[in-house]
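> Return atomic coordinates for the entry below.
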Amino acid sequence: MEFRNEDAEISALAQDGSAANMACALSCSEIVLSAIINFETLIGNVVRVQGDEFKHMTRVLRLTIDDRVELFNGSGGVVEGYIHNIDNSGVDFMALEDTKIVLSTSTDWHVFASFGTLKGGRADWLVEKCTELGASSVTPLLTERSPSISKNRMDRLERVILAAVKQCQRLHGMTLNPPTKIRGLLPMIAQSKLSFLATANATPLVNALSFTRKEASGLIIIGPEGDFTMKEVNTMTESGATSVGLGPNRLRVETATMALLATLMLWSDSQPLDS
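Residues are numbered from 1 along each chain as shown. Next up, the predicted model:
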């Protein structure tokens with residue numbers, strides 16, 4: 001099942017516009033990974049599902065009584081059960097087992113990208129694909145050439161994340177952080193052992209990775225259309241960021257973000273984590 005980035009579909013999939021309350025729904029064999037639910041609402045072994053999640057389960061997935069489903073909480077918790085009852089206001093889910101906690105084993109990659117000025121759905125696409133590829137968070141980076149991002153766009157991106165989580169069956173959610181300026185990023189760069197800054201004429205990323213060790217988390221930094229200013233690059237590299245190149249061609253913001261994130265996800269997933 002595919003979900004497109006259209007307003008009606010995104011709204012239908014969103015629970016309340018909050019990535020912290022995201023829900024996931026896709027067919028998986030005979031069990032449907034269905035909805036994010038705060039497991040504190042579990043009364044005995046019954047969960048009441050209402051609101052947009054109820055609509056999604058019954059109208060989009062067309063689930064009925066006795067269908068097997070899994071509910072999850074966006075933090076690795078998942079519980080299996082079935083639909084016990086459906087009425088006009090909600091679904092009663094009956095748990096068949098205790099909640100399981102699925103731990104994430106991937107590096108937590110935090111993306112800082114200057115996409116506030118992108119037009120034509122390109123920012124939606126960037127955030128959607130970051131969600132699918134497994135980024136832990138995305139933060140709009142405010143720079144000299146991309147100085148702002150509207151609140152309406154931020155609200156929409158929350159819904160985009162929610163829809164993408166449903167499509168890709170993520171048990172651990174992705175966070176959309178408030179916008180930050182480069183000066184707010186510098187302390188994080190200084191504290192991180194992995195901070196990759198995409199810049200022109202830098203050491204190729206693959207070469208840089210040949211002498212890099214996997215860490216529990218890392219930063220991915222992508223500039224705006226027109227790139228960072230030299231002052232911005234120098235400020236970040238002086239704080240500890242590693243400049244890396246992504247080839248000889250000039251890439252769009254969203255293309256560079258995907259190239260860097262996908263490469264680092266594949267690399268980190270193939271490396272042992274040093275104790």
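
> Do you have the strands of the chain handy? List them.
26-28, 31-36, 46-50, 68-72, 77-86, 90-95, 100-101, 108-113, 137-142, 175-176, 180-181, 195-198, 217-222, 242-244 (DSSP state E).

> Can you mark which positions in the longest one are buried?
It refers to strand 77-86. 77-83, 86 (16 or more other CB atoms under 10 Å). Quick note: C-beta positions are derived from backbone N, CA and C, even for glycine.

> Just name the closest of those residues to residue 95, please.
If you rank those by distance to residue 95 using CB to CB, residue 81 comes first, at 4.2 Å.

> The closest one against residue 93, yeah?
Yes - Residue 81 lies in contact with residue 93 (CB atoms under 8 Å); the separation is 5.4 Å.

> Touching both of those two, which residues are there?
Residues touching both residue 81 and residue 93 (CB atoms under 8 Å, 6 or more residues apart in numbering) are 47, 69, 71.

> which ones are touching the nearest residue to residue 122 once chain neighbours are set aside?
Distances taken as CB to CB, 6 or more residues apart in numbering place residue 254 nearest to residue 122, at 5.4 Å, with adjacent residues excluded. Each residue near residue 254 by CB under 8 Å, 6+ apart is listed here: 115, 118, 122-123, 125-126, 129.

> Show the model's pLDDT score for residue 254.
Residue 254 carries a pLDDT value of 98.

> again, but for residue 71
pLDDT, residue 71: 80.

> Tell me if I'm right that it and residue 81 touch.
Yes - the pair residue 71 / residue 81 is scored as a contact, 7.3 Å apart, by CB under 8 Å.

> any shared contact partners between those two?
The contact sets of residue 71 and residue 81 overlap at 47, 93 (CB under 8 Å, 6+ apart).

> what bridges to residue 142?
residue 181 (DSSP bridges).

> can I assume it is in contact with residue 117?
No - the criterion here is CB under 8 Å, and residue 142 misses it with residue 117 at 10.2 Å.

> nearest spatial neighbour of residue 235, skipping sequence neighbours?
residue 182 is the one closest to residue 235 (CB to CB, 6+ apart), at 6.4 Å.

> ok, that neighbour - contacts?
Residue 182 sits next to 141-143, 232, 235-236 when contact means CB under 8 Å, 6+ apart.

> any idea how far stretch 89-106 is from the chain center?
20 Å (CA atoms, centre = their mean, to the nearest Å).

> Identify the residues contacting that stretch?
So stretch 89-106 is in contact with 37, 39, 42, 45-51, 54, 57-58, 63, 69, 71, 76-86, 134, 171-172, 265, 268-269, going by CB under 8 Å, 6+ apart.

> Please consider this matter closed, and thank you.
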